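A.B. asks: Here's a sequence, model it:
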Amino acid sequence: MKVALLVILGLFLGALGGAALGIGAGLAWVEIAHTTSFEGHSGMLVFFTFMPLGAVIGGIGGAALFGLLAMRDDAIAIERNPAAEPARRRDR
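C.D. replies: Numbers count the residues shown, from 1 in each chain. All right, here's what the predicted structure looks like:
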């Protein structure tokens with residue numbers, strides 16, 4: 001259950017970050033390619049193309065990253081029982 005919640009959190013945070021990076025990339029593209037601003041064409045390009053693409057890519061990447069981190073329980077502690085920890089060390 002915690003893995004699924006962390007994946008959803010990664011999806012949300014990745015989508016927000018990806019949308020912000022998509023806006024930045026779109027604004028850079030408009031400046032580099034000298035896209036016309038007639039009737040808001042450059043703004044529509046940024047907000048209807050680059051922002052959704054960034055949000056999708058960031059959401060998938062964030063969900064995958066958080067999911068991998070959550071499944072690797074030995075590398076990151078999600079939930080540990082402190083009473084069982086000394087017993088585990090004595091077995092070795």
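
A.B. asks: middle-most residue in the protein, spatially?
C.D. replies: For the chain, Gly14 is the residue whose C-alpha lies nearest the centre (C-alpha atoms, centre = their mean; 2.0 Å).

A.B. asks: Which residues belonging to the top helix by length along the chain are considered buried?
C.D. replies: Longest helix in the chain by number of residues (criterion: DSSP state H): helix 2-33. Buried residues in helix 2-33, counted by 16 or more other C-beta atoms under 10 Å: 6-7, 10-11, 13-15, 17-19, 21-23, 25-26, 30. Quick note: C-beta positions are derived from backbone N, CA and C, even for glycine.

A.B. asks: just stretch 64-71 next, same as before
C.D. replies: 66-67, 69-70.

A.B. asks: Select from those every entry located in helices.
C.D. replies: Reading helices off those with DSSP H, I get 66-67, 69-70.

A.B. asks: Tell me the one among those residues nearest to Phe50.
C.D. replies: Phe66 (23.8 Å; C-beta to C-beta).

A.B. asks: leaving aside the residues next to it on the chain, what's closest to that closest one?
C.D. replies: Gly10 (2.8 Å; C-beta to C-beta, 6 or more residues apart in numbering).

A.B. asks: list the contacts for that neighbour?
C.D. replies: 62-67 (C-beta atoms under 8 Å, 6 or more residues apart in numbering).
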